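>>> The following block contains a protein sequence and its predicted model.
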Amino acid sequence: EVQLEESGGGLVQPGGSLRLSCAASGFTFSGYWMAWVRQAPGKGLEWVANIKQDGSEKFYVDSVKGRFTISRDNAKNSLYLQMNSLRAEDTAVYYCAKYVSSSLDYWGQGTLVTVSS
Amino acid sequence: QSDLTQPASVSGSPGQSITISCTGTSSDVGSYNLVSWYQQHPGKAPKLMIYEVSKRPSGVSNRFSGSKSGNTASLTISGLQAEDEADYYCCSYAGSSTYVFGTGTKVTVL
């Protein structure tokens, strides 16, 4: 059974940093692109970033470029999102998700990031 | 990277059919047959319902179908059931390994 479990969310002050983790199991993690998608409270879904199977290619939505870094450790079956210079508008539930055929077929339950003073 | 446009809400009675539109541009929906649709119940993670415009993942009811014409994709739910009440989001590949989601549609079963 495919499972994705996010962790690392919490309350952080504006300008602060946070590192999210996603533990994957039930599939060959190293064989798939992975993504982070976020959802602000009461709002819609927003694609944030994705990463190729071997970590050699990474892509970001414009609003997080230069502030967020996606990475992965295939030996640990883990996906990460390093978030720096956090802003109030980054407040959201962050989901990690697995790609297949340019769509996201499995999602974690999400971790809440709140940016507030 | 502008959001795809969806109607804010769509409603229908049990047994009826409804269609949700998803309008993008020639840079995303119009250029690629890589539109997917997601169902999200309150407080839950999204669930993939349709991929590559019209394909259904294993386990998804055949009451859900997808199509595309030009810059607009559509999701049709036939034989509407109470359990279909949820938010629905489209998503399109937008080139250069980036993606864009739709604004979301709340489906209400009357």
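Sure thing, it's come through. Numbering: from 1, shown residues only, chains lettered A, B, ... in the order given.

>>> residue contacts, the residue of chain B most remote from its centre?
What lies farthest from the middle of chain B is B:Ser96; by Cα atoms, centre = their mean that is 22.1 Å. By Cβ atoms under 8 Å, 6 or more residues apart in numbering or on different chains, the residues touching B:Ser96 are A:Phe59. For glycine as for every other residue, the C-beta is placed from the backbone atoms N, C-alpha and C.

>>> Quick check: the gap between it and A:Arg67.
From B:Ser96 across to A:Arg67, the span is 19 Å (Cβ to Cβ, to the nearest Å).

>>> distance of the residue nearest the centre of chain A from chain B?
Geometric centre of chain A, nearest residue: A:Trp36, 3.1 Å, by Cα atoms, centre = their mean. Computed as Cβ to the nearest Cβ, to the nearest Å, the A:Trp36 to chain B distance reads 11 Å.

>>> so where does that residue fall, helix or strand?
Under DSSP states H and E, the secondary-structure element containing A:Trp36 is strand A:34-39.

>>> circling back to that earlier point, pretty sure the residue nearest to the centre of chain A is touching A:Glu46, no?
No. A:Trp36 lies out of contact with A:Glu46 (Cβ atoms under 8 Å); the separation is 9.7 Å.

>>> Name the residues of chain B found near chain A, please.
Within chain B, the positions near chain A by Cβ under 8 Å from any Cβ of the partner chain are B:1, B:3, B:32, B:34, B:36, B:38, B:40, B:45-48, B:51-52, B:55, B:57, B:89, B:91, B:93, B:96-104.

>>> Can you tell me which of those residues are classed as buried?
B:3, B:32, B:34, B:36, B:38, B:40, B:45-48, B:51-52, B:57, B:89, B:91, B:93, B:98-104 (16 or more other Cβ atoms under 10 Å in any protein chain shown).

>>> pLDDT at residue 8, what is it?
In the absence of a named chain, chain A is used. For A:Gly8, the pLDDT comes out at 97.

>>> please go with chain B instead
97.

>>> try A:Ser101
The predicted local confidence for A:Ser101 is 87.

>>> Check whether it really touches B:Glu52, as I assumed.
Yes. In this structure, A:Ser101 is within contact of B:Glu52 by Cβ under 8 Å, at 5.7 Å.

>>> Now do the shared contacts for the two.
Common neighbours of A:Ser101 and B:Glu52 are listed as B:Leu34 (criterion: Cβ under 8 Å, 6+ apart).
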